[in-house]
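# Curious how this folds, go ahead:
(one chain, ligands or ions: 1)
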Amino acid sequence: MSSISDNLGSVTRRIQKATLQAGRELDSVSLLAVSKTRSAGELREAVAAGQRAFGENYVQEALDKMAGLSDLPGIDWHFIGPVQSNKTRQIAGAFSWVHSVDRLKIARRLSEQREPDLPLLNICLQVNINNEATKSGCRPDELPELVPEIGQLPGLSLRGLMAIPDPDQPEAELRASFRKLANTLKQLRQAFPEAGPLDTLSMGMSGDMEMAIAEGATWVRVGTAIFGERPQKS
Ligand SMILES: *Cc1c(COP(=O)(O)O)cnc(C)c1O
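Now for the predicted structure:
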């Protein structure tokens, strides 16, 4: 069995290769280690191997791990799961990024609840890029209204867009989804230059990070390829 440290090495090499092949700067793509269901001990191994950014989907699980790892300085916590409005205060207090904001109400609460002495909370708007009925995320056609509204909230820095296109769709369609997200970000940056940096595309997972990088990903969110298969939730 390969170790978390070995896996981080091979994921990092995959990212570097894809970044160079895309003609991009090596530091333009960052690795978010998706650590949902993983123990504090497993995260500790990843930190020892040099990983600093972790993505969590469940608030209480994440807070428990933060407490267990509080002796380790410099961990960067990203929230990537569905945001319930009764959890925004805890999220605004403990994370530096939220990739999964999909409505104005949630953004307003996060902004109001972000302590003024903390840096601005970095957020991405999650987009249901394929308009699938079952998926979370806003519709692409809602963005021209959401972006300027959210961009003016004082506690937030609107960094960009996130999507989770169905990884099992045919390769050409998956690639088209990544490209559509990248083009949408470009258009929003032109239309709303005041809304925030809009410099971030959070897309690509264990099975499709190369393709996402070729289409412009700046954060790839990788779980299985680092920590192994997740146990099925019962
Ligand atoms: C679980 C998860 C990932 C990681 O998926 P892997 O296929 O394990 O790499 C990425 N993004 C989100 C939002 C997730 O929930």
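
# and stretch 93-102, how far apart are its ends?
Stretch 93-102 has an end-to-end distance of 19 Å (criterion: Cα to Cα, to the nearest Å).

# Where does pLDDT dip in this structure?
Applying pLDDT under 70 to the chain picks out residues 1, 133-134, 233-234.

# max-length helix in the protein?
helix 171-191 (DSSP state H).

# The ligand contacts on this structure?
34, 36, 57, 80, 164, 205, 206, 221, 222, 223, 224, 225 (Cβ under 6 Å from any ligand atom). C-beta here means a position set from N, CA and C on the backbone, and glycine is covered the same way.

# out of those, which are inside helices?
Counting by DSSP H, the residues of the chain next to the ligand place 224, 225 in helices.

# Nearest to the spatial middle of this protein, which residue is it?
The residue lying closest to the centre of the chain (Cα atoms, centre = their mean) is residue 99, at 4.4 Å.

# mind listing the strands for this structure?
30-34, 53-56, 76-79, 97-101, 121-126, 156-162, 200-202, 219-222 (DSSP state E).

# These into JSON lines, with extra columns for distance to residue 132?
Compiled in JSON lines, the strands of the chain are given as follows (distance: least, Cβ to Cβ, whole Å):
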{"stretch": "strand 30-34", "distance to residue 132": "21"}
{"stretch": "strand 53-56", "distance to residue 132": "21"}
{"stretch": "strand 76-79", "distance to residue 132": "22"}
{"stretch": "strand 97-101", "distance to residue 132": "16"}
{"stretch": "strand 121-126", "distance to residue 132": "13"}
{"stretch": "strand 156-162", "distance to residue 132": "15"}
{"stretch": "strand 200-202", "distance to residue 132": "18"}
{"stretch": "strand 219-222", "distance to residue 132": "18"}
